[in-house]
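Next come a sequence and a model predicted from it.
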Amino acid sequence: MAEINASIDFDRRLYAQDIAGSKAHAAMLAAQGIITRADAAAIAKGLDEIKAEIEAGKFKFQAALEDIHLNIESRLKELIGDAAGRLHTGRSRNDQVAVDFRLFVRDYVDQLSAGLKDLMLALAEKAEANAATLMPGFTHLQVAQPITFGHHLLAYVEMLSRDMGRFGDARARLNESPLGAAALAGTSYPIDRKATARALGFSGPTRNSLDSVSSRDFALEVLAGCSICAIHLSRLAEEIVIWSSSQFAFVKLSDKFTTGSSIMPQKRNPDAAELIRAKPGRILGAFTALAVMMKGLPMAYAKDMQEDKEQTFDALDNMALAIAAMAGMVRDMQPNRQAMRAAASSGFSTATDLADWLVQKLKMPFREAHHVTGRIVALAEKKNALLSELSLEEMRSVHGAIDASVFQVLSAEASAKSRKSLGGTAPANVAREAKRWVKKLKGK
Ligand code: ARG
């Protein structure tokens, strides 16, 4: 029983939030005349001492005392005597743990948002420096059209900014104080829930005592946000794995973010990227575990809910780590401009530009232009040449009306430069967007 019941091994992480919640509660009890000011002062002083003991590694956590709440209360009794017994007036461990966990998740969301902001800045700065760096854009991982490296990086900035928005939305919804809901039904003491909510930085108290002690959707929502963010990071991580392979050689990571092999001396393994790629497993796992644990639970609190913590902690820790590692890797990563440019010109990547030229210059219907372009591509393929390397005569052998101005659109540079539509890859667009992001992320 002791072994299955105790949570102190993991909920000790909530000590700071537990102490903050208790101090707010004690101060409110005194202000309302429910306990004396002297008792409240002794409680606050004792709690500060306990916090210092925990942070100095001197606190003796005891499994026999089950959880962080009872461990702290028991130590408080040793330190200040009977006054400690008055702290739990008008409250229960059910609202206590609910407030602790909300505060913990709220603090972590702020940390994740700060980390994301730094990662977005790293990406935007790299994008600004590579606004005109050509690379192939892919669909189906087949060369499609030339784009710029900066444009590709800014795609992730957009994804991450939505992740940040999701964290912000979740934070606003979770920022209500369940303290004072007591065990499940509220309390007969004349408590002031608005005062404790204010003291703990909540926007106000929750409105229903049953909901207050039995809901964990605030954590689910943050884990859902983490799951999506982890998926985004895993996509970028996978691209870095591909780009840094010797077959692609689009980017180079330094020794700081790669490891050697114990047997093959030439290896530079992108371990950080691979580990980030792996993180959605445990992060989605945490979401799933909490969702399934909550499913079908009757009102109000049940001990099942003690299992909300371990995997949430693990998911948040790993989310923060993945974000930080990705920011480091993005700053470290150096593009190989020649290899990227060569790849951007390969695979007849400007075939669409040729078709568009036929439409615009020769007023051909797009379907016909698509067909003519296909025949020119086949010819280039046969000659083992790029489209831009075919002679005018060779072009004309497919369609007689083609003139020399066609060559202006066949280079990868010209192709990227022409894509000036809103949100398109033209270097001028990318430079402007990157600059806008850098300014926004650095600014207040
Ligand atoms: N350790 C418990 C948890 O994490 C605290 C609440 C206990 N409440 C109770 N009625 N036994 O959920």
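Nice, thanks for sending it over. Numbers count the residues shown, from 1 in each chain.

Please name the residues that touch I80.
Shown in contact with I80 (Cβ atoms under 8 Å, 6 or more residues apart in numbering): 42-43, 45-46. Where C-beta positions appear, they are placed from N, C-alpha and C, glycine not excepted.

and the nearest residue to F61 once chain neighbours are set aside, how many neighbours?
Leaving aside its sequence neighbours, F61 sits nearest to I8 (Cβ to Cβ, 6 or more residues apart in numbering; 5.3 Å). Per other Cβ atoms under 10 Å, the neighbour tally for I8 reads 17.

Assign F138 to helix, strand or coil.
strand (DSSP: H, G, I helix; E, B strand; the rest coil).

if I look at the residue of the stretch 301-444 of the chain found nearest the ligand, how far off is I68?
Proximity to the ligand, evaluated over the stretch 301-444 of the chain using Cβ to the nearest ligand atom, is greatest for Q306 at 3.6 Å. Q306 sits 11 Å away from I68, going by Cβ to Cβ, to the nearest Å.

Close to the ligand: what parts of this structure are there?
Within reach of the ligand by Cβ under 6 Å from any ligand atom, the chain has these residues: 7, 11, 67, 93-94, 97, 301, 303, 305-306.

In contact with the residue nearest to F61, which residues?
61-63, 65-68, 71.

Could I get the phi/psi values of it?
Backbone geometry at I8, expressed as degrees, to the nearest 10, gives phi -60, psi -30.

returning to that earlier point: shared neighbours, Q306 and I68?
Contacts common to Q306 and I68, judged by Cβ under 8 Å, 6+ apart, are 7, 11.

Going by neighbour count, which of the residues of the chain next to the ligand are buried?
Among the residues of the chain next to the ligand, those classed as buried by 16 or more other Cβ atoms under 10 Å are 7, 11, 67, 93-94, 97, 301, 305-306.

Could you identify the most distant pair in these?
D11 and Y301 (14.9 Å; Cβ to Cβ).

Buried residues of stretch 58-78, list them for me.
Judged by neighbour count using 16+ other Cβ under 10 Å, the buried positions of stretch 58-78 are 59, 61, 65-69, 71-73, 75-76.

Same check on stretch 177-194?
177-182, 184, 186-187, 191-193.

Out of those residues, flag the one nearest to the ligand.
Taking Cβ to the nearest ligand atom as the measure, the ligand lies nearest L184 of those, at 9.3 Å.

Kindly export stretch 149-162 (C-alpha atoms) in CSV.
This file holds the C-alpha atoms of stretch 149-162, laid out as CSV (Å, rounded to 0.1, in the frame of the first residue of the first chain):
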residue,chain,number,x,y,z
PHE,A,149,17.1,28.4,-47.9
GLY,A,150,15.8,31.4,-46.0
HIS,A,151,12.3,30.8,-47.3
HIS,A,152,12.5,27.2,-46.1
LEU,A,153,13.7,28.2,-42.6
LEU,A,154,10.9,30.8,-42.3
ALA,A,155,8.4,28.1,-42.9
TYR,A,156,9.4,26.7,-39.5
VAL,A,157,9.2,30.2,-38.0
GLU,A,158,5.5,30.3,-39.0
MET,A,159,4.8,26.8,-37.5
LEU,A,160,6.6,27.7,-34.3
SER,A,161,4.7,31.0,-34.0
ARG,A,162,1.5,29.0,-34.1
